[in-house]
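A.B. asks: predicted model, plus sequence, below.
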Amino acid sequence: MSTDPNFKDESFDISEIQGASDGQPVFNCDGERISDLSSVSIKKYDFTNPIVLSDADLSKLKTKSEQFVYYLAGHLSMFLRTEFNLELEDLTADLYSNFTQSIKNPSCITMFKLQELNGVCLLDVNSHLSATVVDRILGGRGSTNPEERGLTDIEKALVEDFNQIILEEWCKQWHNTMSLTPSIIGTESSGKFLQTSPSDAMMLIMSMEASFGDVSGPMRIAVPYYTLEPVVSRLLTAVSATDKVASKPPRWHEIYDGIPVSVSAEWDAFELTLRDLSNIEVDDVIEMSPSLIEKTNLRIEGRTCFVGEIGLEGDQVAFQVNESIIEAVKLIGKKHG
C-alpha cells in the first residue's frame, strides 16, 4: 500500500468481476490462470476514455501554448486597436462528446480544417466576446448588450477576420515542426448540432480567458488528437532531444569574453495613416501606446531572447528584463561554438 497522502486507491474486490464469484476462471495479463483470488488487487480502467498523453507531455505542450497566447494577445490588440488581454487557463484531453456538451448555448463556434491534416477542428468563442468584437470593428468602444444571443449572418462575416487571426497564430506555433494552413469551413451556434468527430474521439482542448472593453469570456480551441498526432509526436520527440542536450552544463572559455555580440531593443510594429506618415518632419513627436514600451523585445544576433521594458537609469537608457524567451548563452554557443 502506498504511503503517499495523495494516493487514491482505486482497487476493488475480485468478487465485483462478472464470473469470478460463480467459479468462472480468471486469468492474468500473461494468460495464466489465477488460483488464489484473495491476493489479487485490480484497478478500474475506462476503455472509453483512454489516456492519450501523459501529464508530462501535456505540460510540454502547455509551455508552447503559453507562447502562442502571448503573441496572439498582441496581434489581436493591434487588430482591434485596443488592449486585448488573454490568459491560458488549461490544456486538457477529453472526449468529443464531453466537449460538445460543455459548449454554452448560444455560442460562436467556428469549424476549420488544417489543409495538411485530416479531421475538423473547432474554435469556440463566447457569444458576448464575439458581439463585443463586432462592436469594436464597427467603430464602437467595445461594449455589448448583456443579453445573450447568437450572431447574425452579417455579424458572423464581420468577426471572421478576428477568428482567422486566432487560427493563423495557432498554426504558427507549430511551424518549426510542421507548416499548417487553417481553412474555415463553417459556423455553428450550438454544440448539440455538431457532428464533426466521433463521440468517443479524444480531443486536445486549449482553454483561454479573454477580456477587453467591458466584457470577458472564454475562448477554446479543440482539435481531434488523431488530427494533431503527427505534429505532437514530432514536437515531443524534438523537445525530449533538446532536454537531453540542455541537461549538459554549458562550456565557457575565456576566449568568448572578447567576442562582440549584436544586441538591439525593438518594439512591435504600430500603424500610422499615410497622411500622417507623409507629414512627418524633423522635431515632430510621434505618440505611441505605453503597452509598446512595456513589451520591448531584446534581440541578440537578430533573435528575440528577452522581453522587458525601456526606461532611464540615471542619465542612461536602460532595459529591464521581465521575461526570458531563450537562454542567451545557448544562442551565443550556436553562433560561436
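C.D. replies: Cool, got the structure. Everything quoted here is computed from the prediction, not taken from an experiment. Numbers count the residues shown, from 1 in each chain.
A.B. asks: what's the distance between the residue positioned nearest the centre of the chain and residue 53?
C.D. replies: In the chain, the centroid-proximal residue (CA atoms, centre = their mean) is residue 65; its distance is 2.9 Å. Distance of residue 65 to residue 53, computed by CB to CB, to the nearest Å: 13 Å. In this view, the C-beta of every residue, glycine as well, is placed from N, C-alpha and C.
A.B. asks: same question, residue 158
C.D. replies: Residue 158 sits 37 Å away from residue 53, going by CB to CB.
A.B. asks: pretty sure residue 312 sits against residue 320.
C.D. replies: No - using CB atoms under 8 Å, residue 312 makes no contact with residue 320, being 10.8 Å away.
A.B. asks: which residues touch residue 225?
C.D. replies: Shown in contact with residue 225 (CB atoms under 8 Å, 6 or more residues apart in numbering): 52-53, 93, 201-204, 232.
A.B. asks: pick the one among the residues you listed closest to residue 226.
C.D. replies: Among the contacts of residue 225, residue 201 lies closest to residue 226 (CB to CB), at 6.8 Å.
A.B. asks: care to break the chain down by domain?
C.D. replies: Using automatic domain parsing, the domain parsing of the chain gives 1-44, 55-246, 254-336.
A.B. asks: redo those domains as TSV? Include mean pLDDT.
C.D. replies: Conversion of these to TSV gives the following (pLDDT from 0 to 100):
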stretch	mean pLDDT
domain 1-44	56
domain 55-246	87
domain 254-336	75
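A.B. asks: ranking those domains by mean neighbour count, which comes first?
C.D. replies: Comparing these by mean neighbour count (mean count of other CB atoms under 10 Å), domain 55-246 ranks first with a mean of 17.
A.B. asks: how far does it sit from its chain's centre?
C.D. replies: 8 Å (CA atoms, centre = their mean, to the nearest Å).
A.B. asks: and residue 265, that's in a strand?
C.D. replies: Yes - assessed with DSSP: H, G, I helix; E, B strand; the rest coil, residue 265 lies in a strand.
A.B. asks: for residue 321, give me its contacts.
C.D. replies: Neighbours of residue 321 in contact, by CB under 8 Å, 6+ apart: 298, 306-308.
A.B. asks: export those to a markdown table and tack on secondary structure and distance to residue 275?
C.D. replies: What follows is the contacts of residue 321, written out as a markdown table (DSSP: H, G, I helix; E, B strand; the rest coil; distance: CB to CB, whole Å):
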| residue | secondary structure | distance to residue 275 |
| --- | --- | --- |
| 298 | strand | 33 |
| 306 | strand | 36 |
| 307 | strand | 32 |
| 308 | strand | 33 |
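A.B. asks: and these, which two are furthest apart?
C.D. replies: Farthest pair in these, by CB to CB: 298 and 307, 7.3 Å.
A.B. asks: would you map the strands across the stretch 151-300 of the chain?
C.D. replies: 182-188, 202-212, 215-224, 263-266, 296-300 (DSSP state E, counting those that start in this stretch).
A.B. asks: tell me what the nearest residue to residue 186 once chain neighbours are set aside is bridged to.
C.D. replies: In this structure, residue 186 finds its nearest non-sequential neighbour in residue 111, 4.6 Å apart by CB to CB, 6 or more residues apart in numbering. For residue 111, the beta-bridge partners are residue 122, residue 186 (DSSP bridges).
A.B. asks: which residues are in contact with the closest residue to residue 324 other than its chain neighbours?
C.D. replies: Leaving out its chain neighbours, the residue that sits closest to residue 324 by CB to CB, 6+ apart is residue 306, at 5.7 Å. Contact analysis of residue 306 by CB under 8 Å, 6+ apart lists 297-298, 321-325, 328.
A.B. asks: now do residue 219
C.D. replies: Counting by CB under 8 Å, 6+ apart, residue 219 touches 86, 123-126, 129, 166, 207-210.
A.B. asks: can you tell me which of those lies nearest to residue 195?
C.D. replies: residue 124 (15.4 Å).
A.B. asks: roughly how far apart are the closest one and residue 265?
C.D. replies: Taking CB to CB, one finds residue 124 at 38 Å from residue 265.
A.B. asks: and the longest helix for this structure?
C.D. replies: helix 55-80 (DSSP state H).
A.B. asks: for the following helix or strand past that one, packing partners?
C.D. replies: Counting by DSSP states H and E, the next helix or strand C-terminal to helix 55-80 is strand 85-95. Applying 3 or more CB pairs under 8 Å, 6 or more residues apart in numbering; DSSP states H and E, we find strand 85-95 packed against helix 55-80, strand 202-212.
A.B. asks: tell me which stretches of the stretch 101-250 of the chain form helices.
C.D. replies: Applying DSSP state H, counting those that start in this stretch to the stretch 101-250 of the chain gives helices spanning 127-137, 153-172, 225-246.
A.B. asks: just want the angle from the shortest one to helix 153-172.
C.D. replies: This points to helix 127-137. With axes from the mean of the first three to the mean of the last three CA atoms, to 10 degrees defining the directions, helix 127-137 sits at 100 degrees from helix 153-172.
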